[in-house]
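Visitor: structural data only, the sequence is not supplied:
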């Protein structure tokens, strides 16, 4: 779901020497948790270098297989990082009806996230303010305000969750996933990962290649891409999706395009919001929140009609739809509370996975390239990864390709105009993982399973029957 901009300070490749020693899987006591789901928890080591030390709780959910004979469990992760996989599976289970005939559908909230032992940083009013701060740092006061807010947020995370922060890396989450596999009674893992969940899958295959049955990685993240290249590729991707929406709008003679160039109108709206945020009930729609709302609608082509509606309404001084989509992206609830995605979960995982350049001058210098990549989104995202430069703990695993040796064929799925995980990432990981097969989907939007009947059928066939598509297979619908 979420934009991942990878920041790197080194390119050393992790090796098989990281392979962990086997641990007891433990057990999960399942209880009914409505609508056909069962819920439970598994205790896992906080620090895998001291496996007998402190334990943390990992929340798990499953929807038992509807057919017989059952083939085992299918673990599903939606990415983020920091998105609740449990909430995702509850909402998305109807999309996996075919898979559910054969497998128990299983999801777990990764360490630090939601129902598992969670990271928290600030209260909801403080997070409201933090997420609304203008990220286009085009004057000294805005820059000072934004940087101080980043420092305050990092300090708050350290104060509230400092004992957890050093152990939120995805390598540890992959070890958690292997304990879950064992607790489920599966000899090998069958896994469907989306977006950042593809990184979790790669870590699992790197650490536990002999435990893999099938990994379908949809919307592939390349662990070897350095910060600026990844960020620029994403800005290009969102710009291209925006331009695809504009072309579609003009082809349909859409209402929003009848009174001027859509992109010029969006830029004018953001300029107005920069100087005068729009009142929405008892809240305000800032430029940053409006940009978040626009970004959210570009993740999936099915949301394009809502982008037009949102912009038409905003031009009439009604910011409710744009704020709704910003709240959806930020996981803000109707009562004003937040899930912990942006209250520490995202940064505690991401900043521990990828090193960030520490000096502010590095981010200052990104301006021209980012603006060229996307005049709308570039300046807004230029400083987006500076928070990781300020993060209280630093990555402990070297960044680079995750070598996989001894695993069966892994399926990679990439969309040619995927904005959040660019297609070039899937191509690169296909070269990195020997024996992997890349399935290409032609089209816009992030991930392919629910946007392409062809991709969905291919992924299902692989996960159920281990039928791998032929190399070079392209889905056009």
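Guide: Looks like it arrived, so ask away. Because the structure is a prediction, the values reported are computed rather than measured.
Visitor: where in the protein is pLDDT low?
Guide: Residues of the chain that meet the criterion pLDDT under 70 lie in 1-22, 227-228.
Visitor: that one - how does it break down into domains?
Guide: Following automatic domain parsing, one gets these domains for the chain: 16-117+166-224+398-475, 122-141+234-330+357-390.
Visitor: can you say which of the ones you listed is nearest to residue 150?
Guide: domain 122-141+234-330+357-390 (5.0 Å; CB to CB). No exception for glycine: its C-beta is placed from N, CA and C like everyone else's.
Visitor: ends of that closest one, how far apart?
Guide: Terminal residues of domain 122-141+234-330+357-390 lie 16 Å apart, using CA to CA, to the nearest Å.
Visitor: equivalent analysis for stretch 349-358, please.
Guide: Using CA to CA, the two ends of stretch 349-358 sit 18 Å apart.
Visitor: rewinding a little: need the winner for burial among the domains of the chain.
Guide: Ranked by mean neighbour count, the domains of the chain are led by domain 16-117+166-224+398-475 with a mean of 20 (mean count of other CB atoms under 10 Å).
Visitor: from the chain's centroid, how far away is that one?
Guide: Relative to its parent chain, domain 16-117+166-224+398-475 has a centroid offset of 13 Å by CA atoms, centre = their mean, to the nearest Å.
Visitor: these two touch, right, residue 191 and residue 85?
Guide: No: using CB atoms under 8 Å, residue 191 makes no contact with residue 85, being 11.5 Å away.
Visitor: who touches both of the two?
Guide: 76, 77 (CB atoms under 8 Å, 6 or more residues apart in numbering).
Visitor: what strand or helix carries the closest residue in space to residue 375 that isn't next to it in sequence?
Guide: Excluding its sequence neighbours, the residue lying closest to residue 375 (CB to CB, 6 or more residues apart in numbering) is residue 267, at 7.4 Å. Assigned by DSSP states H and E, residue 267 belongs to helix 262-275.
Visitor: now what about that helix, what contacts it?
Guide: 134, 136, 242-243, 245-246, 249-250, 256, 259, 285-287, 290-291, 294, 311, 314-315, 375-376.
Visitor: can you rerun that using 7 Å?
Guide: By CB atoms under 7 Å, 6 or more residues apart in numbering, the residues outside helix 262-275 that reach it are 134, 246, 249, 256, 285-287, 290-291, 294, 311, 314-315, 376.
Visitor: which one of those is nearest residue 58?
Guide: Nearest member of those to residue 58, counting by CB to CB, is residue 291, at 34.1 Å.
Visitor: assumed that closest one was part of a strand.
Guide: No: counting by DSSP: H, G, I helix; E, B strand; the rest coil, residue 291 is not found in a strand; it is helix.
Visitor: which residues does it contact?
Guide: If you count contacts by CB under 7 Å, 6+ apart, residue 291 has them with 270, 380.
Visitor: and what of residue 52?
Guide: For residue 52, the contact set (CB under 7 Å, 6+ apart) is empty.
Visitor: save the contacts of helix 262-275 as JSON lines, and put in distance to residue 356 too.
Guide: Listed next are the contacts of helix 262-275 as JSON lines, based on distance: CB to CB, whole Å:
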{"residue": "134", "distance to residue 356": "21"}
{"residue": "246", "distance to residue 356": "33"}
{"residue": "249", "distance to residue 356": "37"}
{"residue": "256", "distance to residue 356": "38"}
{"residue": "285", "distance to residue 356": "29"}
{"residue": "286", "distance to residue 356": "25"}
{"residue": "287", "distance to residue 356": "24"}
{"residue": "290", "distance to residue 356": "26"}
{"residue": "291", "distance to residue 356": "22"}
{"residue": "294", "distance to residue 356": "26"}
{"residue": "311", "distance to residue 356": "33"}
{"residue": "314", "distance to residue 356": "33"}
{"residue": "315", "distance to residue 356": "37"}
{"residue": "376", "distance to residue 356": "24"}
